[in-house]
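**Student:** what's the 3D shape of this:
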Amino acid sequence: MLPTYVGLYRKHEGGDPSLRKKTIELYDELRPSLHGYLSCLGLKPQEAEDTIQETFLKLFQGQAGEIKDEHLRGWIFRVAHNLALNIHKSSGRLLSGDATEVAKILEAKIDPTLTPEEAVIRKEQLVRMVAAIAELTQQQRQCLHLRAEGLRYREIAVVLGVSIRRVGDIVEAALVRLAGAV
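**Tutor:** Okay, here's the model as predicted:
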């Protein structure tokens, strides 16, 4: 993980090559999760890639200020989240809740080694899951997605701009709704 102060990246401080290397490692580690989250927010693949690049550019430019390690991951997701919202606002789009896109992504993850019967059962389970997820609020979907990406409640709270307790309530409500629907 990165040392305590990310602000060492600032141009006027000359930067630290070891910190740059660690940032690249962090980029490699978080890129798939960020891409998945941004796709969940309805960004097209190229928009997601551009947003990830811009997020890490902001980090590299030292806009993270003096953020400690434990908050850096949440900061990165929050910046990416805000950039995605800006894209939606500028293009006049609403956040994606398209269940068919989600179904295609999940369907592609069905194990090809399954027997035909197992594949049909798995597909039916996915259809029920996608329908149940579509019934969740956007905030519930975001919380569950971020939690599935491994973010802690504290980090999710930073990304969504809510309290940690609120994140717990949202996740609990989402899981209760999913359990009842599936």
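
**Student:** Domain ranges for this structure, per the record?
**Tutor:** 6-91, 99-181 (automatic domain parsing).

**Student:** and the next element down the chain from the lowest-mean-pLDDT helix or strand in the chain?
**Tutor:** Lowest on mean pLDDT, DSSP states H and E among the helices and strands of the chain sits helix 99-108, with a mean of 59. Later in the chain than helix 99-108, the nearest helix or strand by DSSP states H and E is helix 116-134.

**Student:** what comes up buried for that following helix?
**Tutor:** 122, 126, 129, 130, 132, 133 (16 or more other Cβ atoms under 10 Å). Glycine gets a C-beta too; all of them are placed from N, C-alpha and C.

**Student:** Report the mean confidence score over it.
**Tutor:** Per-region confidence: helix 116-134 scores 82 on mean pLDDT.

**Student:** With stretch 72-82 instead?
**Tutor:** Per-residue pLDDT over stretch 72-82 has a mean of 88.

**Student:** And for stretch 167-182?
**Tutor:** If you average the pLDDT over stretch 167-182, you get 90.

**Student:** hey, C-alpha coordinates of it in CSV?
**Tutor:** This file holds the C-alpha atoms of stretch 167-182, laid out as CSV (Å, rounded to 0.1, in the frame of the first residue of the first chain):
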residue,chain,number,x,y,z
VAL,A,167,-24.2,2.1,4.5
GLY,A,168,-25.0,-0.7,6.9
ASP,A,169,-28.7,0.0,6.8
ILE,A,170,-28.7,0.2,3.0
VAL,A,171,-26.7,-3.1,2.6
GLU,A,172,-29.0,-4.9,5.1
ALA,A,173,-32.2,-3.7,3.3
ALA,A,174,-30.8,-4.7,0.0
LEU,A,175,-29.8,-8.2,1.2
VAL,A,176,-33.3,-8.7,2.8
ARG,A,177,-35.0,-7.7,-0.5
LEU,A,178,-32.7,-10.0,-2.5
ALA,A,179,-33.2,-12.9,-0.1
GLY,A,180,-37.0,-12.5,-0.3
ALA,A,181,-36.9,-12.3,-4.1
VAL,A,182,-34.5,-15.1,-4.9
